[in-house]
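>>> Predicted model and sequence follow; I will ask about them next.
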Protein chains: 2
Amino acid sequence: MVKAQRIRIYDVARVAGVSVATASKALNDTGRMTEETRKRVKQTAAALGFRPNAMARALTQQRSFTIGLLTNDSYGRFTLPVMAGVSEALVDQGVSVFLCGIEDDPALAKLHLDAMLDKQVDGIIATGKRIDRRLPVDLSLLPVPVVYAFTEGPDDAVTLVSDDAQGAREATEWLARVGRKKLVHITGPESFASVVARAGAFRATVGQGAQVLHGPWSEAWGHEAVNRLWSGATPRPDGIFCGNDQIARGVVDALRERGVDVPGDVSVIGFDNWEIVAAATRPPLTTIDMNLKEIGREAGRLILDLAEGKPVDPGVRTLPCKLVLRQSCGGDAIAVRNQGEALQES
Amino acid sequence: MVKAQRIRIYDVARVAGVSVATASKALNDTGRMTEETRKRVKQTAAALGFRPNAMARALTQQRSFTIGLLTNDSYGRFTLPVMAGVSEALVDQGVSVFLCGIEDDPALAKLHLDAMLDKQVDGIIATGKRIDRRLPVDLSLLPVPVVYAFTEGPDDAVTLVSDDAQGAREATEWLARVGRKKLVHITGPESFASVVARAGAFRATVGQGAQVLHGPWSEAWGHEAVNRLWSGATPRPDGIFCGNDQIARGVVDALRERGVDVPGDVSVIGFDNWEIVAAATRPPLTTIDMNLKEIGREAGRLILDLAEGKPVDPGVRTLPCKLVLRQSCGGDAIAVRNQGEALQES
């Protein structure tokens, strides 16, 4: 039978042959006693594996060295990179991050939020699966600071999002840079703020008449969009910017099955850099990475500042996306980029 | 500027015009004071949003109503379903689960483990990305109970894993049931215990001479294996059991590109039921689900029993996998199953 026993101050006191009060004072270097007694209590505590109780310490310190991360992204697609970044920013400060998944359930959110507050977390980072939706819980009146990362926060909050417009602009400019002339954008539903921002940047770069096709966030939509473009009367594109990697994978597969060579005849670029999709596509996808880990790092730095009482300006901070080169835009992509950078440097 | 302020017992005392000791006694329903004073303190605490300090309460109760979940699965593929199950089992008991990601870093593991112990978690669930590897931290001498779920634990621990052999047997039997005669198994590296267990069950069902091909856990390996099987001299299979869904997706794509119809000519079954892969395959994959959520639920129930001091027998518990029907084994799959069940019932 397995039965674990937590070592308490009572156990230390009993084994050391002193009162609980004396044991406590000995371990806290307070009170009056012989050095021999104090030493015996400390040795006993060490031998038993007694942990000086952090909850008791935190009562006076008012710091628990723990940050709570609340998310409704049950799939973890967006949250796990954010969490890795938060963890990276906090680890050197000896601060741990605890994740609670609340799905879209207000009651579950309340339970987990209460648990975090009960544990006296020094701050909470709220994160989700899209930047234009709030978590199903109001965090605006908590007794601890809150940072919003990749989810919508109140107007006066500290919020971090990726720069969708800049990411889309980089994708579009990259297609132009590898020599593509007739560009289209195949993307997700217009009800997403990120879709509107990306399509806006695409049109601003290519021209307001540029073609944008909206549909679901799926491979199947990539197939369908290609079928529409290749069976229609309009000139076919030679460069396709997709709103996510799943759509891009569908587009690449559909083109191959039509005998259209990627990247020989058409360049395709995705968005997300979701390894499982981007790396498995044939050829692997050149795509835009939202830098979610950096959003997490910045959220970690900001929540620590707030927890320490440092002033932080509220508002929405956008962090840049970055281009990730694989093979779906052209095999000479790296050469093109290096050349470009050499030109900029000269 | 954003600056959050935690309401402390001092604040309550100050506003209510009493000492901290009196405020504390009033809120804990102890000590001597007039009913009027006690009421005023409680009303003040409520008005200020003061939270009775759970850390202080836990000091006496010896329960924190929190379970820690430690994982080295940074991708979350296996851990998030386990966590969802744990959370489901605990939520009705008012217990929260906190996830800490430790990757494969012993120092990070120590930091986060210490943070969990400092928060006085009532127990820890260890989980990972494969059942034959341990986390990079020794959990065998902790002062709180530990349950291992989908990761290897010590011999005398409580460990939960999915039944790889039963899952593989169900997959193989399903191929036979839809009428397939010549079966092969395309799977991952032999260094994985799960690969050995699944291949063993496949051979035990089909016959010891049955063909098993080992390679990486990737779509590319699925393509390569099909190329080998279709260009070799041996008779080609009409039923393929794949060790994971990624290999299965590669197999299905490779067959389609060779003009082999799935499921018309060949039935393909995967393993994992990883939605993003299984549902996007054309046709969508029939596959085996490891029931990770149920493993999480069971881990949650067991850790609660242990935390409450109930006896739990140590050892490895295997939980059954389940068959998930989509379209890659034959469109009449559901009819076949229903017929089978009807026969069993009669």
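Good, I have the coordinates.
>>> Any regions of the stretch 201-346 of chain A where pLDDT drops low?
Scanning the stretch 201-346 of chain A with the threshold set as pLDDT under 70 gives A:331-346.
>>> Quick check: the residue of it nearest chain B.
At 4.3 Å from chain B, A:Pro311 is the closest residue in the stretch 201-346 of chain A, using C-beta to the nearest C-beta. Every C-beta, even on glycine, is put in place using the N, C-alpha and C of the backbone.
>>> Could you report the neighbour count for that residue?
When neighbours are defined as other C-beta atoms under 10 Å in any protein chain shown, A:Pro311 has 9 of them.
>>> And for A:Val41?
Using other C-beta under 10 Å as the criterion, A:Val41 is surrounded by 25 other residues.
>>> What segments of chain A are helices?
Using DSSP state H, the helices found in chain A span residues A:9-16, A:20-27, A:35-48, A:54-61, A:79-91, A:106-118, A:164-177, A:193-206, A:219-231, A:245-257, A:275-278, A:292-307, A:333-345.
>>> Looking at these, spot the one closest to A:Asp132.
Put simply, out of those the one that sits nearest A:Asp132 is helix A:193-206, at 3.7 Å, with distance taken as C-beta to C-beta.
>>> Show me which positions of that closest one end up buried.
Using 16 or more other C-beta atoms under 10 Å in any protein chain shown as the burial criterion, the residues of helix A:193-206 that qualify are A:Ser194, A:Val195, A:Ala197, A:Arg198, A:Ala199, A:Ala201, A:Phe202, A:Arg203, A:Thr205, A:Val206.
>>> possible to save these as CSV with distance to chain B?
Compiled in CSV, those are given as follows (distance: C-beta to the nearest C-beta, whole Å):
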residue, distance to chain B
A:Ser194, 19
A:Val195, 20
A:Ala197, 24
A:Arg198, 21
A:Ala199, 24
A:Ala201, 27
A:Phe202, 25
A:Arg203, 29
A:Thr205, 30
A:Val206, 29
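>>> and which of those is nearest to A:Leu292?
The closest of the buried residues of helix A:193-206, once distances to A:Leu292 are taken by C-beta to C-beta, is A:Ser194, at 12.9 Å.
>>> Mind pulling the model confidence for that closest one?
Confidence at A:Ser194, expressed as pLDDT, is 97.
>>> Next, the contact list for it, please.
By C-beta atoms under 8 Å, 6 or more residues apart in numbering or on different chains, the residues touching A:Ser194 are A:Arg130, A:Ile131, A:Asp132, A:Asp164, A:Gly188.
>>> any idea of the pLDDT on the most centrally placed residue in chain A?
With distances taken as C-alpha atoms, centre = their mean, chain A has A:Val82 as the residue nearest its mean C-alpha position (2.3 Å). At A:Val82, the model reports a pLDDT of 94.
>>> From chain B, how far out is it?
11 Å (C-beta to the nearest C-beta, to the nearest Å).
>>> That residue: what's it in contact with?
Going by C-beta under 8 Å, 6+ apart, A:Val82 touches A:Leu69, A:Ile125, A:Thr127, A:Ala149, A:Phe150, A:Leu292, A:Lys293, A:Ile295, A:Gly296, A:Ala299.
>>> Also A:Ser19?
The neighbourhood of A:Ser19, defined by C-beta under 8 Å, 6+ apart, consists of A:Ala13.
>>> gap between stretch A:134-153 and the chain center?
Averaging C-alpha coordinates over stretch A:134-153 and over its chain gives two centres that are 15 Å apart (C-alpha atoms, centre = their mean, to the nearest Å).
>>> mean confidence score for that stretch?
93.
>>> and it with chain B, contact?
Yes. Stretch A:134-153 comes into contact with chain B when judged by C-beta under 8 Å from any C-beta of the partner chain, the residues involved being A:Leu141, A:Leu142, A:Pro143, A:Val144, A:Pro145, A:Val146.
>>> How about the residue nearest to the centre of chain A: what's its closest non-neighbour residue?
Across the structure, with C-beta to C-beta, 6 or more residues apart in numbering or on different chains as the measure, the residue nearest A:Val82 apart from its sequence neighbours is A:Gly296 (4.0 Å).
>>> which residues touch the one you found?
A:Gly296 makes contact with A:Pro81, A:Val82, A:Met83, A:Ala84, A:Gly85, A:Val86, A:Ser87, A:Glu88, A:Ala89, A:Ala149 under the criterion C-beta under 8 Å, 6+ apart.
>>> Correct me if wrong: the fifth one contacts A:Gly300.
Translated: A:Gly85. Yes. At 6.7 Å, A:Gly85 and A:Gly300 qualify as touching, with contact defined as C-beta atoms under 8 Å.
>>> Of the two, give the one with the bigger neighbour count.
When neighbours are counted by other C-beta under 10 Å, A:Gly300 comes out ahead of the other of A:Gly85 and A:Gly300, with 28 against 23.
>>> Can you tell me how far A:Val195 is from A:Thr79?
Here the distance between A:Val195 and A:Thr79 works out to 20 Å (C-beta to C-beta, to the nearest Å).
>>> again, but for A:Arg134
15 Å.
>>> Looking at these two, which is more packed in?
In this comparison of A:Arg134 against A:Thr79, neighbours counted by other C-beta under 10 Å, the higher total goes to A:Thr79 at 28 against 15.
>>> Would you agree that one is in contact with A:Asp73?
Yes. In this structure, A:Thr79 is within contact of A:Asp73 by C-beta under 8 Å, at 4.3 Å.
>>> so what's in contact with those two at the same time?
With contacts taken as C-beta under 8 Å, 6+ apart, A:Thr79 and A:Asp73 have A:Thr127, A:Gly128, A:Lys129 as neighbours in common.
>>> In those, which residue is surrounded by the most others?
Using other C-beta under 10 Å as the contact criterion, the top neighbour count among the shared contacts of A:Thr79 and A:Asp73 goes to A:Thr127, which has 26 neighbours.
>>> Quick check: can you list the domain ranges of chain A?
Each structural domain of chain A that the record assigns through automatic domain parsing is listed here as a residue range: A:1-38, A:63-154+A:292-320, A:164-286+A:325-341.
>>> right, and A:Val262 touches A:Arg326 too?
No. Under the contact definition of C-beta under 8 Å, A:Val262 does not touch A:Arg326, with a separation of 11.3 Å.
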